[in-house]
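>>> 3D model of this:
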Amino acid sequence: MIPKVFKEVIDLGDGREISIETGKLAKQAHGSVVVQMGKAMLLCTVVSNYKQSDVDFLPLTVDYREKFAAAGRYPGGFFKREARPSDGEVLTMRLVDRVLRPLFPKDYHAETQVMIQLMSNDEDVMPDALAGLAASSAIQLSDFPFECAISEARVARIDGEFVINPSRSQLKDSDIDMMIGASADSVMMVEGEMDEISEEEMADAIKFAHEAIKVQITAQMRLAEAFGKKEVREYETAEGNEDLQKRIHEMAYDKCYAIAKKGTSKAERGNAFADVKEEIKASFTEEEMEEFGHLVGEYYRKAEKEAIRELTLTEGIRLDGRKTDEIRPIWCEVDYLPSTHGSSIFSRGETQALATVTLGTSRDSNKIDMPSYEGEESFYLHYNFPPFCTGEARPLRGTSRREVGHGNLAQRGLKGMVPDDCPYTVRVVSEVLESNGSSSMATVCAGSMALMDAGVKITRPVSGIAMGLISDGDRYAVLSDILGDEDHLGDMDFKVTGTSEGITACQMDIKIKGLSYEILVNALQQARAGRLHILEKITDTIAAPAADVKPHSPKMVTRVIPNEFIGALIGPGGKVIQELQKETDTTIVINEDPETEEGIVEILGTDQNGIDQVIAKIDSLMFKPKVGNSYQVKVIKMLDFGAVVEYMEAPGNEVLLHVSELAWQRTENVSDVVNMGDVFEVKYFGLDPRTRKEKVSRKALLEKPEGYVARPPRDDNKGRDNKRRDDRKPKNRS
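Predicted coordinates:
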């Protein structure tokens with residue numbers, strides 16, 4: 001039976017369209033759509049169990065995968081099938097998850113899966129910008145309890161004009177690359193990188209993307225209406241107890257308010273809050289705890305949260321005693337690790353990051369192999385968040401999605417300051433050693449200092465700050481340099497990185513509806529003041545990049561050579577280049593450019609003498625003597641018919657000096673004129689038309705003897721004719 005297909009089309013206004021289709025594929029899923037833009041097609045399916053899980057949170061899984069068949073390619077590796085998700089796929093999962101998760105009810109705990117697959121690729125379409133639209137569209141066709149439709153869009157600014165969902169090639173000319181997630185009335189998520197733009201410009205970009213998102217949401221609603229919107233499912237919910245909530249609030253609120261007002265450390269206030277909670281639990285009988293003990297913790301957390309928020313809104317005091325715009329104490333240090341190419345420590349309050357920098361060749365670049373994009377990064381950053389940094393012991397299960405996301409944010413904040421002509425591949429690693437609020441921003445600060453310590457000529461140092469917002473609708477407080485607890489209890493968590501000139505990256509999660517752009521800009525302006533304060537602490541420690549790399553760090557020199565000489569440098573089977581690397585203790589990497597017919601040779605080594613030897617070898621290979629010029633040579637081999645000489649300015653370049661070119665007089669023995677190791681000048685004549693070999697002459701630079709008479713040249717043709725006549729004579733067979 002032919003399926004009934006429902007379809008909606010979104011016009012982007014510049015000849016491009018996005019279509020949302022359902023009814024053809026994956027009909028057993030609770031909701032499924034195919035989103036198409038150009039030749040790019042995403043299939044999104046959503047399923048949620050009808051039975052609640054035995055957990056007190058939403059077990060939501062957002063999975064985004066790109067199939068290599070979508071780009072007509074084979075997966076790499078031995079097994080030739082897709083395996084663990086790439087960092088790019090993980091980042092897309094996080095972008096979608098952060099917008100969807102807050103829109104499910106707090107008491108909905110059913111196992112829920114959102115699976116998005118790239119089924120067909122288009123080089124001119126970046127599929128991650130369509131993933132949020134696909135997820136929300138599928139949910140709108142389901143019976144999930146979900147607050148409202150959302151969508152996501154990428155916004156770029158090219159030649160001063162905003163563009164929605166640009167191609168990857170267009171992004172190269174853009175000074176803004178941001179992903180915005182929003183509902184029809186509220187922006188919920190912002191993440192991206194910028195070229196040192198102002199706070200107002202950032203707000204304008206968000207507004208532009210939000211208008212495009214509203215159009216996408218309208219299309220989703222039309223599709224759901226045409227398809228037949230399902231009734232929202234019923235699910236088991238825990239019954240509340242207003243009397244119990246009031247009782248706990250009365251017991252906990254004032255005590256929590258007093259603890260918060262003391263401005264103690266994380267451990268001290270944590271213990272104090274725990275004591276209050278235990279005291280409340282002890283006030284209930286065993287029968288009461290069995291009946292509604294699961295609600296005691298929930299209602300206590302609400303009372304604690306209300307007390308802390310009210311303290312900030314009423315008195316402008318925060319958990320650790322700071323004012324709303326006050327930054328925690330900072331101390332920094334560079335060159336802490338003696339063997340690394342660059343290192344730094346950045347400590348702010350109870351958050352500490354240790355960053356290292358490693359310098360390498362293009363061979364060390366980070367290879368990206370995704371169906372939607374193939375390339376490499378010459379600057380990349382890795383972020384590690386071990387359990388001990390929060391005083392916990394928990395299983396180590398590889399790199400988490402959070403580590404990938406935080407590392408990517410820090411990388412985007414720093415990479416714009418690494419100049420294009422930096423000869424190195426640069427890897428930054430941040431080890432978070434303590435964490436109580438915004439370790440990703442500490443990573444940016446530590447990474448900036450480590451780069452300068454390593455001698456990487458960054459354009460300007462970068463700092464980062466995490467900001468929060470508490471609002472009750474009428475009042476609001478913007479919090480600079482938030483704590484971990486303030487992240488959880490606040491209404492907005494946004495991280496901003498930038499230089500003295502402007503913003504380089506941001507990440508925002510907005511938890512309240514209808515946040516005004518006025519509040520957003522005010523918050524960004526307060527963040528700027530905080531960034532500049534932190535930047536001052538950084539530059540007090542290290543004001544500018546080191547003049548040179550450290551003595552034990554590799555020095556990088558590049559040489560451009562024509563492709564015709566690459567083979568000679570490599571040698572048969574790589575013999576020449578391998579021996580040269582071994583002799584000079586260097587690493588030599590050759591990258592050919594077929595368009596320019598040139599090769600870029602990277603020479604990496606810690607010993608300058610070794611690097612100089614490699615350069616001398618390359619110069620020698622590319623040495624081309626000019627006809628008519630004189631060159632100093634050295635005898636390196638004696639033959640019966642001449643001497644092999646080597647150009648002094650290009651060791652390794654040899655040429656035969658024929659015995660007839662040694663002197664004007666007839667030379668019977670080569671050793672009568674020259675000997676091994678002799679140095680003298682010769683004149684270069686180019687290719688000898690008779691022998692088709694290079695010709696040099698010593699005698700051409702000597703004064704011709706008086707009365708010298710040159711011997712007539714041999715008639716080679718005559719000699720060959722006589723030989724042919726002799727061959728025709730009958731042979732004596734007797």
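>>> can we go C-alpha only for contacts and neighbour counts from here?
Will do.
>>> Need the CA coordinates for stretch 286-299. PDB is fine.
Extracted C-alpha coordinates of stretch 286-299, given in PDB (Å, rounded to 0.1, in the frame of the first residue of the first chain):
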ATOM      1  CA  GLU A 286       9.800   6.100  60.700                       C
ATOM      2  CA  GLU A 287       6.300   5.700  59.500                       C
ATOM      3  CA  GLU A 288       6.200   9.200  58.000                       C
ATOM      4  CA  MET A 289       9.500   8.600  56.200                       C
ATOM      5  CA  GLU A 290       8.300   5.400  54.700                       C
ATOM      6  CA  GLU A 291       5.100   7.200  53.500                       C
ATOM      7  CA  PHE A 292       6.600  10.300  51.900                       C
ATOM      8  CA  GLY A 293      10.300  10.200  52.600                       C
ATOM      9  CA  HIS A 294      11.100  10.600  48.900                       C
ATOM     10  CA  LEU A 295       9.400  14.000  49.000                       C
ATOM     11  CA  VAL A 296      11.500  15.300  51.900                       C
ATOM     12  CA  GLY A 297      14.700  15.700  49.900                       C
ATOM     13  CA  GLU A 298      12.800  17.300  47.000                       C
ATOM     14  CA  TYR A 299      11.000  19.800  49.200                       C
END
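>>> what's the residue minimising distance to the centre of the chain in contact with, if anything?
Geometric centre of the chain, nearest residue: residue 380, 4.7 Å, by Cα atoms, centre = their mean. Going by Cα atoms under 8 Å, 6 or more residues apart in numbering, residue 380 touches 366, 411, 415, 426-428.
>>> out of these, what pair is the most spread apart?
Greatest spacing in the contacts of residue 380, by Cα to Cα: 366 and 415 (13.7 Å).
>>> Between the two, which has more neighbouring residues?
residue 415 (21 against 17; other Cα atoms under 10 Å).
>>> didn't the more buried one look like it was pressed against residue 381?
No. Residue 415 is beyond contact range of residue 381, at 9.1 Å (criterion: Cα atoms under 8 Å).
>>> Could the C-alpha coordinates of the helix or strand hosting the residue nearest to the centre of the chain be exported in PDB?
When elements are assigned from DSSP states H and E, residue 380 belongs to strand 379-384. Presented in PDB, the C-alpha positions along strand 379-384 are these (Å, rounded to 0.1, in the frame of the first residue of the first chain):
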ATOM      1  CA  PHE A 379      45.200  24.000  16.400                       C
ATOM      2  CA  TYR A 380      43.200  21.900  18.800                       C
ATOM      3  CA  LEU A 381      42.400  21.700  22.500                       C
ATOM      4  CA  HIS A 382      41.600  18.700  24.700                       C
ATOM      5  CA  TYR A 383      39.900  19.100  28.100                       C
ATOM      6  CA  ASN A 384      40.100  16.600  30.900                       C
END
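>>> What strands flank it, and is each parallel or antiparallel?
Applying DSSP bridges, strand 379-384 is found paired with strand 425-434 (parallel).
>>> average model confidence for the following helix or strand past the partner strand?
Counting by DSSP H and E, the next helix or strand C-terminal to strand 425-434 is helix 439-454. Helix 439-454 shows a mean pLDDT of 97.
>>> now stretch 583-591
91.
>>> residues in contact with that stretch?
361-363, 566, 577, 581, 599-607, 609-611, 613-614.
>>> In helices, which of these appear?
566, 577, 581, 609-611, 613-614 (DSSP state H).
>>> Please, a ChimeraX command that selects the buried ones among these?
A single ChimeraX command selects the buried members of the ones in helices among the contacts of stretch 583-591 (16 or more other Cα atoms under 10 Å):
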select :566,577,581,610,611,614
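>>> Which two among the ones in helices among the contacts of stretch 583-591 are spaced furthest apart?
566 and 609, at 22.3 Å, using Cα to Cα across these.
>>> Quick one: name whatever helix or strand follows the helix or strand harbouring residue 657.
Using DSSP H and E, residue 657 sits in strand 654-658. Using DSSP H and E, the helix or strand that follows strand 654-658 in sequence is strand 679-687.
>>> now for that following strand, which elements pack on it?
In terms of contact count using 3 or more Cα pairs under 8 Å, 6 or more residues apart in numbering; DSSP states H and E, strand 679-687 is assigned the packing partners strand 630-639, strand 694-697.
>>> So for residue 312, which of these sits nearest?
Proximity to residue 312 (Cα to Cα) singles out strand 630-639 among these, at 83.0 Å.
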